[in-house]
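Asker: The sequence isn't on hand, but the structure is:
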């Protein structure tokens, strides 16, 4: 079973950049699609970005497309989310998860093994 630990969040001003990391333990990490999701207070968990196990494909939500890049290093067992031009509406707890069920790679119901999350707060 893959276990995930997120890091890299923080308090930044609008327009700044952050790089989130999702470090995994487990020998089969490279076999899984990994997704980043976020959850703001009082809201449901929403899709941010996902990357195919072989890095052959990436997916982004409309809200971050053009401002974010997801990548992975299967040797380091880590997935990264580079976020630029951050906006106050990006404020949320960011989680990474493993796609455990077939289906759309942007549906949180298909993901599991969530990490504990990392807080991103963007001030205006």
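Answerer: Yep, that arrived. Because the structure is a prediction, the values reported are computed rather than measured. Residues are numbered from 1 along each chain as shown.

Asker: so who does the residue nearest the centre of the chain touch?
Answerer: By C-alpha atoms, centre = their mean, the chain has its centre lying nearest to residue 36, at 2.1 Å. By C-beta atoms under 8 Å, 6 or more residues apart in numbering, the contact set of residue 36 is 20, 22, 48-50, 70, 79, 81, 94-96. C-beta coordinates here come from the backbone N, C-alpha and C atoms, glycine included.

Asker: so who does residue 64 touch?
Answerer: By C-beta under 8 Å, 6+ apart, the neighbours of residue 64 are 48-49, 83, 90.

Asker: And the strands in the protein?
Answerer: 3-7, 10-13, 18-25, 34-39, 46-51, 58-60, 68-73, 78-83, 92-99, 111-112, 118-123 (DSSP state E).

Asker: nearest to residue 105, of the ones you listed?
Answerer: Using C-beta to C-beta as the measure, strand 46-51 is the one of the strands of the chain that comes nearest residue 105, at 4.3 Å.

Asker: and the angle from that closest one to strand 18-25?
Answerer: 70 degrees (axes from the mean of the first three to the mean of the last three C-alpha atoms, to 10 degrees).
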